[in-house]
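Engineer: When you get a sec, could you give me coordinates for this:
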Amino acid sequence: MGIAAFLLLCVHLEMAQRYLFYYREQQQLFVYDLSFFCERYLTHGGLSLFVSQFIIQFFTMPYVGAIVTAAFGVLTAFFLWLALRKINNSVYLFPLCFLPVLFQVGALYDYYYYYHGYVGFCLMTGCLYLYTLFAEKLGWVGRLVCAVVMSALVYLLLGPIGIMFAIAVLLYDLLRKYDKAYLQVIPIGIVLLIGFFLIVSGNVQSSRLAFLNDGYYEPIIEPIFFFEYSWLALIGLILVFGIFKIFPKAKPLWNILLSLVFFVFVVSLFSTASKQNKQSLYDLVELKHYVVTEQWDALLQSPAAWKNNYLNRNLYNLALSHKGRLLSNLFDLEQYSPITLIVQGDYTEKVPDLTTMLSHIYYQMGNVGASMNKAFDSFVGSRYGNPTMVKILVKANLIYGAYELADKYISLLEKTWAYADWAKEQRHFLYNDDAVNADSEYGPKRKGLPKEDYFIFHKGPYVDMLDLLDAGSTDLGTRDYAIAFVLLAKDGKSIKRFVEDYYGTEIMKDVPVIMQQALIAVSEDDLDYCRMHGVTQETINGYEAYKIAYLNARSSGKNPASALKRDYRRTYWYYYMFVGVQGT
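Structural biologist: Numbering: from 1, shown residues only. Model (predicted):
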């Protein structure tokens, strides 16, 4: 049964949380360094945090997250069974041991719930089983001392789950009818005292974080009640084992039937309850994985990218740019305004998930200063770091020639498991301007750096990109994003000015077809002007065909937007005429 449970849970996790495991790896930086270890892990719950983050660093590899999480889950259920069968060894109760585990699995759907809450729960059940081994051989004094010491250690090393350990010990002793079992309230009191001391000393922010499962959740957010289900299920499980002692021992056939009934009950309850916690942003998590791993084709082919969502569309357009197809395939999916290229607004400064995304987009735009600014905000704004943002900080500082800072970030990544090789490769660029200038990625971006101090953007994405182009940038990402931005804004004057300034230069030797269509749309009455600025006769003929189709639709009483959509929705003319620009 254990193997079957492991396989089922493994398959479920791989199907339901595959990209969340990759995402969790990006939400921490595990560094092999003693000072780092002391600073991060010598704290309340430090052992569970260390074990979880050590494991998570390997989540870059496919299937590892699902396999390890399933193994922890099955191990937790077995620890509970081995401990609680001493109260009631009826085999049909075994499936119920998975209920607290599955609620923990359900909690992992929310990426604000830290993985060390799951690991801590597993390690706590192992400690509970260990206590039951000692308890059988000790008198009431020994059991009390053992419970006090273990409760304090579990609380200090594993975090808030320590209070559940103390409660479980009390219930276990009472149901086992041990002598003076009621004295096991003392370990609960000890844990409470330690917790209040940690709060008063400033090591824990509040009683909610000290004594509830909330302690494993993002501190600035208060989770829904669902996150307490696994703890409540553990208490209920212990009580059920005790209550079912009143029933006679079941025969083998009844054991099988009741086991199946309880198995179905557990799965059904988990399925119903976990729906409360499934995240609507899972699609974005998947797309961000493709960005981090630079799987641009996979991103473009993912159904998640096709959904009508600004953030998803930002990443879809980012992938198009990396493939050199931003302009040729701009209207493959619906666009509404420049906001589908890059989200803007004050709220983007406060959400690490958005700042990481914006760092990637600004970097592709060639706006290295803005990218570096967002990467730094993301790195310091995330609780446990972000390795990809450190990589961008390395790249940005190399481009700027800030080699001392680049060396600092390279040294940090060299102490990691997954990024050490990449970091060592970057050492070739340190204090080597010729190597940076000759690099296909760094060279064009350095060439476009303005002479003025340009650490952060300050004029808006489009004007900043013009500054980069005027400074001499030959980065096609910068040019294509600038063109796409002005097209989606439907800014006729800027469209004409861009063509007048850059047509025939190294930046735009030939006018892209989509820009030709835009130039006709804003200069329909002056086709000679259009021809002088790179519009081909083929494009002009296409526009004449578009106008005929439009007039035919009008004369036949059809809605032109609907009638022309199939054949012309990928043209700028259709966008210019029928799509309203939404605010940025």
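Engineer: Can you check what pLDDT the model gives residue 272?
Structural biologist: What the model reports for residue 272 is a pLDDT of 63.
Engineer: cool, residue 528 as well?
Structural biologist: Reported pLDDT for residue 528: 93.
Engineer: In three-state terms, label the residue lying closest to residue 471 once chain neighbours are set aside for me.
Structural biologist: Spatially, and ignoring its direct neighbours in sequence, residue 471 is nearest to residue 450 (4.6 Å; CB to CB, 6 or more residues apart in numbering). Where C-beta positions appear, they are placed from N, C-alpha and C, glycine not excepted. Here residue 450 is recorded as coil under DSSP: H, G, I helix; E, B strand; the rest coil.
Engineer: my guess is residue 450 meets residue 465, correct?
Structural biologist: No. The criterion here is CB atoms under 8 Å, and residue 450 misses it with residue 465 at 11.3 Å.
Engineer: can you pull the contacts of the closest residue to residue 286 other than its chain neighbours?
Structural biologist: Using CB to CB, 6+ apart and skipping the chain neighbours, the partner closest in space to residue 286 is residue 19 (4.3 Å). By CB atoms under 8 Å, 6 or more residues apart in numbering, the contact set of residue 19 is 282, 285, 286, 289.
Engineer: Tell me how far residue 19 lies from residue 446.
Structural biologist: Using CB to CB, to the nearest Å, one obtains 34 Å as the distance from residue 19 to residue 446.
Engineer: next SSE after the helix or strand residue 133 falls within?
Structural biologist: Per DSSP states H and E: residue 133 is located in helix 115-135. Remark: after helix 115-135, the chain's next helix or strand is helix 140-158, criterion DSSP H and E.
Engineer: Only C-alpha atoms, please: export the helix or strand that that following helix is followed by in PDB.
Structural biologist: Downstream of helix 140-158, the first helix or strand assigned by DSSP H and E is helix 161-176. Taking Å, rounded to 0.1, in the frame of the first residue of the first chain, the C-alpha atoms of helix 161-176 are listed here in PDB:
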ATOM      1  CA  ILE A 161       4.800  22.700  14.700                       C
ATOM      2  CA  GLY A 162       6.300  22.100  18.100                       C
ATOM      3  CA  ILE A 163       3.100  23.100  19.800                       C
ATOM      4  CA  MET A 164       1.300  20.300  17.800                       C
ATOM      5  CA  PHE A 165       3.900  17.800  19.000                       C
ATOM      6  CA  ALA A 166       3.200  18.700  22.600                       C
ATOM      7  CA  ILE A 167      -0.500  18.400  22.100                       C
ATOM      8  CA  ALA A 168      -0.100  15.100  20.300                       C
ATOM      9  CA  VAL A 169       2.000  13.700  23.200                       C
ATOM     10  CA  LEU A 170      -0.700  14.700  25.700                       C
ATOM     11  CA  LEU A 171      -3.400  13.000  23.700                       C
ATOM     12  CA  TYR A 172      -1.300   9.900  23.100                       C
ATOM     13  CA  ASP A 173      -0.500   9.500  26.800                       C
ATOM     14  CA  LEU A 174      -4.200  10.000  27.700                       C
ATOM     15  CA  LEU A 175      -5.400   7.400  25.200                       C
ATOM     16  CA  ARG A 176      -2.700   5.000  26.200                       C
END
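Engineer: Please spell out which residues along helix 161-176 are buried.
Structural biologist: For helix 161-176, the buried set under the neighbour-count rule, 16 or more other CB atoms under 10 Å, comprises 161-173, 175.
Engineer: What of stretch 320-339?
Structural biologist: Across stretch 320-339, burial judged by 16+ other CB under 10 Å covers 320-322, 325-327, 329-331, 333, 335-339.
Engineer: Tell me the gap between that stretch and the middle of its chain.
Structural biologist: Its chain's C-alpha centre and that of stretch 320-339 lie 24 Å apart, by CA atoms, centre = their mean, to the nearest Å.
Engineer: Kindly report the same for stretch 468-481.
Structural biologist: Using CA atoms, centre = their mean, the distance between the centre of stretch 468-481 and that of its chain works out at 30 Å.
Engineer: so how far does that stretch reach from one end to the other?
Structural biologist: End-to-end distance for stretch 468-481: 12 Å, by CA to CA, to the nearest Å.
Engineer: Contacts for it, please.
Structural biologist: 321-322, 324, 326-327, 341, 364-367, 444-445, 447-451, 461, 465, 482, 502, 506-508.
Engineer: Provide a list of residues in contact with residue 367.
Structural biologist: With CB under 8 Å, 6+ apart, residue 367 has these contacts: 457, 461, 464, 465, 468, 478.
Engineer: Can you tell me, leaving aside adjacent residues, what's nearest to residue 341?
Structural biologist: Nearest non-adjacent residue to residue 341, counting by CB to CB, 6+ apart: residue 317, 5.4 Å away.
Engineer: give me every residue that touches the one you found.
Structural biologist: 326, 330, 340, 341, 484.
Engineer: can we see that at 10 Å?
Structural biologist: Contacts for residue 317 (CB atoms under 10 Å, 6 or more residues apart in numbering) come out as 305, 325-326, 329-330, 333, 335, 340-342, 361, 364, 480-481, 484, 488.
Engineer: Could you single out the nearest of those residues to residue 243?
Structural biologist: Comparing the contacts of residue 317 against residue 243 with CB to CB places residue 305 closest, at 51.4 Å.
Engineer: Report pLDDT for that closest one.
Structural biologist: 90.
Engineer: Touching, it and residue 289? I think so.
Structural biologist: No. Assessed by CB atoms under 10 Å, residue 305 is found out of contact with residue 289, at 12.0 Å.
Engineer: anything in contact with each of these two?
Structural biologist: Joint contacts of residue 305 and residue 289 (CB under 10 Å, 6+ apart) are 298, 299.
Engineer: okay, and the helix or strand of this protein with the least pLDDT?
Structural biologist: The helix or strand of the chain with the poorest confidence is helix 252-274; it has a mean of 63 (mean pLDDT, DSSP states H and E).
Engineer: And the next helix or strand past that one?
Structural biologist: For helix 252-274, the succeeding helix or strand toward the C-terminus, using DSSP H and E, is helix 282-292.
Engineer: following that next one, which helix or strand shows up next?
Structural biologist: For helix 282-292, the succeeding helix or strand toward the C-terminus, using DSSP H and E, is helix 296-301.
Engineer: CA atoms of the helix or strand following that next one as CSV?
Structural biologist: Sequence-wise, the next helix or strand downstream of helix 296-301 (DSSP H and E) is helix 310-322. Only the C-alpha atoms of helix 310-322 are listed here, as CSV (Å, rounded to 0.1, in the frame of the first residue of the first chain):
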residue,chain,number,x,y,z
TYR,A,310,-1.7,41.3,-19.3
LEU,A,311,1.0,39.5,-17.4
ASN,A,312,0.9,36.4,-19.5
ARG,A,313,0.9,38.5,-22.6
ASN,A,314,4.0,40.4,-21.3
LEU,A,315,5.9,37.1,-21.2
TYR,A,316,4.5,35.9,-24.5
ASN,A,317,5.8,39.1,-26.2
LEU,A,318,9.1,38.7,-24.3
ALA,A,319,9.5,35.2,-25.9
LEU,A,320,8.6,36.6,-29.3
SER,A,321,11.4,39.2,-28.9
HIS,A,322,14.0,36.6,-27.9
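Engineer: Could you figure out how far helix 310-322 is turned away from helix 282-292?
Structural biologist: Computed by axes from the mean of the first three to the mean of the last three CA atoms, to 10 degrees, the angle separating helix 310-322 from helix 282-292 equals 20 degrees.
Engineer: If you count contacts, what does the next helix or strand after helix 310-322 end up packed against?
Structural biologist: The helix or strand immediately downstream of helix 310-322 is helix 352-365, counting by DSSP H and E. Helices and strands touching helix 352-365, as assessed by 3 or more CB pairs under 10 Å, 6 or more residues apart in numbering; DSSP states H and E, comprise helix 282-292, helix 310-322, helix 368-381, helix 387-400, helix 442-447, helix 461-470, helix 476-488.
Engineer: Check residue 130 and give its pLDDT.
Structural biologist: pLDDT, read off for residue 130, is 96.
Engineer: what's the closest non-adjacent residue to it?
Structural biologist: Nearest non-adjacent residue to residue 130, counting by CB to CB, 6+ apart: residue 150, 7.7 Å away.
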